[in-house]
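Peer 1: I would like to see how this sequence folds:
(chains A, B, C and D)
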Protein chains: 2
Amino acid sequence: MSRRVLVVDDEAPIREMLVFVLEQNGFQAIEAEDYDSAIAAMVEPYPDMVLLDWMLPGGSGIQIAKKFKQSEYTRQIPIIMLTARGEEEDKVKGLEVGADDYVTKPFSPKELMARIKAVMRRVSPTSLEEAIEVHGLRLDPISHRVTSAGNELDMGPTEFRLLHFFMTHPERVYSREQLLDHVWGTNVYVEDRTVDVHIRRLRKAIAPLGHDRLVQTVRGAGYRFSSKV
Amino acid sequence: MSRRVLVVDDEAPIREMLVFVLEQNGFQAIEAEDYDSAIAAMVEPYPDMVLLDWMLPGGSGIQIAKKFKQSEYTRQIPIIMLTARGEEEDKVKGLEVGADDYVTKPFSPKELMARIKAVMRRVSPTSLEEAIEVHGLRLDPISHRVTSAGNELDMGPTEFRLLHFFMTHPERVYSREQLLDHVWGTNVYVEDRTVDVHIRRLRKAIAPLGHDRLVQTVRGAGYRFSSKV
DNA sequence: GTAAACTTTCATAAAACTGTCATACTTAGT
DNA sequence: ACTAAGTATGACAGTTTTATGAAAGTTTAC
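Peer 2: Purely as a prediction, here's the structure:
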């Protein structure tokens, strides 16, 4: 599973923002606001990663990093430090102490998650992205496979991404435009109606076991993935 | 449906963070990074709200706010300004220019969304996309579904909008003309009596569990959605 | 460099939805 | 009761929206 992230920052708003982004991306967040609470999180179950503000009052950020790197059990837990823009010295010092990467404030969610995933991939290559299963339809991002009752279902890359998006955002209507944004990517010029065709292919691909009914048309609004039939 | 938010900030990371939080909360975000692109967004379909960084280079944040408050069509669009911590002067000036509220950077997603929802509620009390339930009849705008005791009720787009309008404006009579304005949209040429037909269709759709009695005829005046029977 | 696999667009068929009408019903007042 | 005005309802013909097969253009993998 390996998806627990310890967030250490003394500023509540920033901490909450980090937690929000992490949770929206399927991570579990543990919060700490100072040295003591961070150290208190150095117990089982150990976090799988630490997001650490370098600017903690009293310079305790660096102390926390050292502490993590000293202990036998927490040494290999990756640490990403959060630094203010331009504090080059801190970055150097941080990497010396054992931080694995750093993110500059302010950060975009995309950048943050990219760093986190990159670091996690480096440390434990297979821990990211767990399989999702709905009504016997199983999508495994790691093996990049969709199965149903043991049978592998064959589909193209776009259909896979579409299904992945749907399964991670169920019970919600998406317009064709929104789907293009989320699955195809922003500023991609593609006809709205193209979505129809891929929906069609996705349905066809998962139809053998009747899962096509999970992909529902909402006339005038778009499409929805729902286990409620 | 009132969920489009214009985000104006010159710093890409912050802008992306705002967009991320908004989209995760079901809003549609439009991005602008400077004065020109913000003004370019002052067209149909108008945004329903503006999140505006006060610290735009060249002080253009305040110019944008003024521009919005000057135009007939955008005057009533609420503006929430983003300010750095402690810039009390800016807050005062902002509120003078017509901003509706402000959020201090750094902000937590919870606070941000609370402000946005509060302002939206103040401006258009019914535009928030939360599920509404009356007497066991439940309408969920997110999944675009109407259910009653677990059963999904099937209806056309117009009936859905009509019901949505009714449920967000209960206990109040609306003439056929008013309903046309609110549900069909302004400057739409449609016979008054058409409303009757859609009322009929709506009633038929929600009748299975007896909810049709919630849609009441007020002879000589129009129709009313009321839980009082 | 070529074959295979994918994507996108297009054309057409199939569904679902709309606005109007004509007719049947109700209600309120005489 | 009878009438006039207002409402309910079923039907239908035209539109709009979706579904689908196939063609044309791209990318990917040997």
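Peer 1: for DNA strand C, what are the nearby residues on chain A?
Peer 2: A:156-159, A:184, A:188-191, A:193-194, A:197-198, A:219-220 (CB under 7 Å from any atom of the strand). In short, each C-beta sits where N, CA and C put it, glycine included.
Peer 1: so which residue is dead centre in chain A?
Peer 2: Geometric centre of chain A, nearest residue: residue A:25, 3.2 Å, by CA atoms, centre = their mean.
Peer 1: once you drop chain neighbours, what's closest to that one?
Peer 2: Nearest residue to residue A:25, sequence neighbours excluded (CB to CB, 6 or more residues apart in numbering or on different chains): residue A:113, at 5.4 Å.
Peer 1: and the one you found, that one's in a strand?
Peer 2: No - looking at residue A:113 with DSSP: H, G, I helix; E, B strand; the rest coil, it is helix, so not inside a strand.
Peer 1: so after the helix or strand bottoming out on mean pLDDT in chain A, what's the next helix or strand?
Peer 2: Within chain A, confidence by mean pLDDT, DSSP states H and E is lowest for helix A:88-97 among all helices and strands, at a mean of 67. Scanning forward in sequence from helix A:88-97 by DSSP states H and E, the next helix or strand is strand A:101-105.
Peer 1: give me phi/psi at the residue nearest to the centre of chain A?
Peer 2: Per-residue torsions, residue A:25: phi -100, psi 20 (degrees, to the nearest 10).
Peer 1: same check on residue A:70?
Peer 2: Torsion angles, degrees, to the nearest 10, at residue A:70: phi -80, psi -40.
Peer 1: with residue A:134 instead?
Peer 2: Dihedral angles for residue A:134 - degrees, to the nearest 10 - are phi -130, psi 120.
Peer 1: residue A:9 too?
Peer 2: Dihedral pair for residue A:9: phi -160, psi 140, per degrees, to the nearest 10.
Peer 1: flag every residue of chain A that's near DNA strand D.
Peer 2: So chain A meets DNA strand D at A:193, A:196, A:197, A:199, A:200, A:203, A:217, A:218, A:219, A:220, A:221, A:222 (CB under 7 Å from any atom of the strand).
Peer 1: can you select the buried ones from these in PyMOL?
Peer 2: To isolate the buried members of the residues of chain A next to DNA strand D in PyMOL, using 16 or more other CB atoms under 10 Å in any protein chain shown:
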select buried, chain A and resi 199+203+218+221+222
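Peer 1: now, which of the residues of chain A next to DNA strand D lie within helices?
Peer 2: A:196, A:197, A:199, A:200, A:203 (DSSP state H).
Peer 1: as a markdown table, those residues with pLDDT would be great.
Peer 2: Listed next are those as a markdown table, based on pLDDT from 0 to 100:
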| residue | pLDDT |
| --- | --- |
| A:196 | 98 |
| A:197 | 97 |
| A:199 | 98 |
| A:200 | 97 |
| A:203 | 97 |
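Peer 1: where does residue A:83 sit: helix, strand or coil?
Peer 2: strand.
Peer 1: closest to residue A:64 out of the residues of chain A next to DNA strand D?
Peer 2: For the residues of chain A next to DNA strand D, the residue nearest residue A:64 by CB to CB is residue A:222; the value is 46.1 Å.
Peer 1: and the closest one, bridged to which residues?
Peer 2: residue A:218 (DSSP bridges).
Peer 1: ok, it to residue A:197 distance?
Peer 2: 15 Å (CB to CB, to the nearest Å).
Peer 1: now do residue A:5
Peer 2: Distance from residue A:5 to residue A:197, by CB to CB: 39 Å.
Peer 1: what two of the residues of chain A next to DNA strand C are the furthest from one another?
Peer 2: In the residues of chain A next to DNA strand C, two members sit farther apart than any others by CB to CB. They are A:157 and A:220, at 29.0 Å.
Peer 1: poorly predicted segments of chain A, please.
Peer 2: A:1-2, A:85-94, A:124-129 (pLDDT under 70).
Peer 1: so residue A:80 makes contact with residue A:99?
Peer 2: Yes - judged on CB atoms under 8 Å, residue A:80 makes contact with residue A:99 at a distance of 6.8 Å.
Peer 1: who's more crowded, these two?
Peer 2: Set residue A:80 next to residue A:99 and count neighbours by other CB atoms under 10 Å in any protein chain shown: residue A:99 wins out with 25 against 21.
Peer 1: contact partners for that one?
Peer 2: By CB atoms under 8 Å, 6 or more residues apart in numbering or on different chains, the contact set of residue A:99 is A:52, A:65, A:79, A:80, A:81.
Peer 1: could these go into CSV alongside distance to residue B:149 and secondary structure?
Peer 2: Below are those laid out as CSV (distance: CB to CB, whole Å; DSSP: H, G, I helix; E, B strand; the rest coil):
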residue, distance to residue B:149, secondary structure
A:52, 50, strand
A:65, 55, helix
A:79, 51, strand
A:80, 49, strand
A:81, 53, strand
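Peer 1: among those, which one lies nearest to DNA strand C?
Peer 2: DNA strand C lies nearest to residue A:80 out of those, by CB to the nearest atom of the strand, at 32.5 Å.
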